[in-house]
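A.B. asks: Test case, fold it:
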Amino acid sequence: MISDFTIGVTTVAFSKDQELVSNLNKAGFKKVLINIPQRRFTKDELIEFLSQCDIAIVGLDKITEEILSQVPKLKAISKYGVGLDNIDFEACKRHDVEILHTEGVNKRSVSELALGCILNLSRNIYVTSNDLKNGKWNKSGGTQISGKTFGIIGVGHIGKDLIKLLKAFECKILVNDIIDQSDYYKVNNLIESSKEDIFKKSDIITIHTPLTNDLKYLINKETLSLMKAEAIVINTARGGLINQEDLKWALKNNIIAGAAMDAYEIEPPEDKELISLPNLITTPHIGGNSKEAVNAMGLAAINNVIQFCQKEK
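C.D. replies: So this is what the prediction gives:
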């Protein structure tokens, strides 16, 4: 019976949402554990928490061999969110832990944040607003994004959704992805390009990839040096895609015009100099956290848990 399974929720956003937690109870789960401290668990805390669970709903917690080897009761992990790079698939396979996941549930939330950052930086909204609050009347209105050249690295659910949003601006869009999507590119008038060409030719560069060994520090001193002086870089994906020291150097020395980050190598970020730069928008990993996305991700995670339990009966 469903009521026999103990469900643990590690993610803070889900644990805070009383409606989502209530939906687990309504589904018939009698034993539901949530993240009481409402912060990211330490490794030891995560092990202790997961050791009580048959199924865990996880967000960005790193699920590794070390963790899984100490939680033999765990049968499945239901992903709250879309990125899976925090989960060791091979370790899950070795420990017979099934991964439950629904793709694309928060794509509009992330793509809207990316577009908002693009407009804020391009039209100088962020900089001039902060200047005005500090008593400076800065009339620099920036540039329109209409007709500009965009570079989109990673053309998955979020990349495609941003492309849909950008159609109204009649931009030239350069794209790069490891998967051959030539038919989609042709239909949407996109230009398949190398990463190097995207860095050299784009006015706005936005990244929508997982974090892999090949993509670690994709944005670094060398790639930043290829960009236009007026370029802006947007990262609403994963923190390790950008070398933060190199980005700080580029922004301080006007190598590029601006950037926006929603994800960091260490969260919350510890580099106060970086996050205080006037031409850098910093948000606390809220890309997938619109009210609508939180609900959609939560319901998807719950439905995946229910289906798994029904199968296990």
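
A.B. asks: what comes up buried for the helix or strand that residue 111 is a member of?
C.D. replies: If you go by DSSP states H and E, residue 111 is part of helix 107-122. Under the neighbour-count criterion of 16 or more other Cβ atoms under 10 Å, helix 107-122 has 107-118, 120-122 buried. Backbone N, C-alpha and C define where each C-beta goes, glycine included.

A.B. asks: Among these, which one lies nearest to residue 99?
C.D. replies: Proximity of these to residue 99 (Cβ to Cβ) peaks at residue 107, which lies at 19.6 Å.

A.B. asks: just the helices in the stretch 101-250 of the chain please.
C.D. replies: For the stretch 101-250 of the chain, helices defined by DSSP state H, counting those that start in this stretch occupy the ranges 107-122, 125-133, 157-166, 182-187, 195-201, 221-226, 244-252.

A.B. asks: Ok, which of those comes nearest residue 92?
C.D. replies: helix 157-166 (22.3 Å).

A.B. asks: can you give me the mean pLDDT across that closest one?
C.D. replies: Mean pLDDT, helix 157-166: 97.

A.B. asks: so how far is it off the chain centroid?
C.D. replies: For helix 157-166, the distance from its own C-alpha centre to the chain's C-alpha centre is 14 Å (Cα atoms, centre = their mean, to the nearest Å).

A.B. asks: Mind giving me the packing neighbours of that helix?
C.D. replies: Counting contacts by 3 or more Cβ pairs under 8 Å, 6 or more residues apart in numbering; DSSP states H and E, helix 157-166 packs against helix 107-122, strand 149-153, strand 172-176.

A.B. asks: sorry, back to before: could I get the CA-only coordinates of the helix holding residue 111 as CSV?
C.D. replies: Only the C-alpha atoms of helix 107-122 are listed here, as CSV (Å, rounded to 0.1, in the frame of the first residue of the first chain):
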residue,chain,number,x,y,z
LYS,A,107,11.1,26.0,-18.5
ARG,A,108,8.9,29.2,-18.8
SER,A,109,10.0,30.3,-15.3
VAL,A,110,13.7,30.1,-16.2
SER,A,111,13.3,31.5,-19.7
GLU,A,112,11.3,34.5,-18.4
LEU,A,113,14.0,35.2,-15.8
ALA,A,114,16.7,35.1,-18.5
LEU,A,115,14.7,37.5,-20.7
GLY,A,116,14.1,39.8,-17.7
CYS,A,117,17.9,39.9,-17.1
ILE,A,118,18.6,40.5,-20.8
LEU,A,119,16.2,43.5,-20.9
ASN,A,120,17.5,44.9,-17.6
LEU,A,121,21.1,44.9,-18.7
SER,A,122,20.5,45.9,-22.3
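
A.B. asks: Please enumerate residues in contact with that helix?
C.D. replies: The contact list for helix 107-122 (Cβ atoms under 8 Å, 6 or more residues apart in numbering) reads 82, 125-126, 142-145, 148, 157-158, 160-162, 164-166, 204, 206, 208, 232, 234, 236, 257-260, 262, 279, 281, 283, 286-290, 292-293.

A.B. asks: ok, now with 7 Å
C.D. replies: Helix 107-122 has contacts (Cβ atoms under 7 Å, 6 or more residues apart in numbering) with 125-126, 142-143, 145, 157-158, 161-162, 165, 204, 206, 232, 234, 236, 258, 260, 262, 281, 286-290, 292-293.

A.B. asks: likewise stretch 213-232?
C.D. replies: 121-122, 196, 199-200, 202-205, 207, 209, 233, 240-243, 246-247, 249-250, 254-259.

A.B. asks: And stretch 68-79, by the same measure?
C.D. replies: Contacts of stretch 68-79 (Cβ under 7 Å, 6+ apart): 47, 50-51, 53-58, 63, 87, 91-92, 95, 97-101, 301, 304-305, 308.

A.B. asks: Mind checking which of those land in strands?
C.D. replies: Among these, the members falling in strands (DSSP state E) are 55, 56, 57, 58, 98, 99, 100.
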